[in-house]
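*Asks:* only geometry, no sequence info:
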């Protein structure tokens, strides 16, 4: 084997290794993490009265779909909430990847403490996506607010 051929093979293998490393993982279809229980964030007196996940009819469920990444993966956000007196509170939130995209990894979390919009509890959510390339990792986020009245407000 000539040295020139050896260098060509080594160069091709190096490019292949870089390309494979750049592809990274793909977050598969299905649950994105575990559901986040928001009950510990409730005021103590409200927490004692908060319905359990088995108390059907005592809480409501809302959901929305969010496009994340480029090209976009589709993530469904589902949250439960309930009314207690004049206020409405959040119980939990879960994320589900319904349309993954090859090479894009996703993560989701809550950000900060709950706050009130009038008499309705609200919480900021962040879904982060990343994709590796030979030039490094591209990473961006999509954020918005879930409210204990079933609304989703994307960040502007």
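*Replies:* Received the coordinates, thanks. Bear in mind the structure is a predicted one, so any value in this text is a computation, not a measurement. Residues are numbered from 1 along each chain as shown.
*Asks:* Please make it C-alpha for all contacts and neighbour counts, starting now.
*Replies:* Fine.
*Asks:* so how many other residues sit close to the closest residue to residue 35 other than its chain neighbours?
*Replies:* Of all residues not flanking residue 35 in the chain, residue 94 sits nearest, at 4.3 Å (Cα to Cα, 6 or more residues apart in numbering). Using other Cα atoms under 10 Å, residue 94 is surrounded by 19 other residues.
*Asks:* what's in contact with whichever strand or helix holds residue 94?
*Replies:* Residue 94 belongs to strand 87-99 when assigned by DSSP states H and E. Contact with strand 87-99 is made by 27-39, 42, 50, 73-83, 108, 119-122, 147-149, as judged by Cα atoms under 8 Å, 6 or more residues apart in numbering.
*Asks:* following it, which helix or strand shows up next?
*Replies:* strand 105-117.
*Asks:* strand partners of that next one, parallel vs antiparallel please.
*Replies:* Sheet pairing of strand 105-117 (DSSP bridges) gives strand 120-133 (antiparallel).
*Asks:* what's downstream of the partner strand, the next helix or strand?
*Replies:* Assigned by DSSP H and E, the successor of strand 120-133 is strand 136-147.
*Asks:* Just the contacts of strand 87-99: which are in strands?
*Replies:* 30-31, 36-37, 73-83, 108, 120-122, 147 (DSSP state E).
*Asks:* Fine by me, thanks again.
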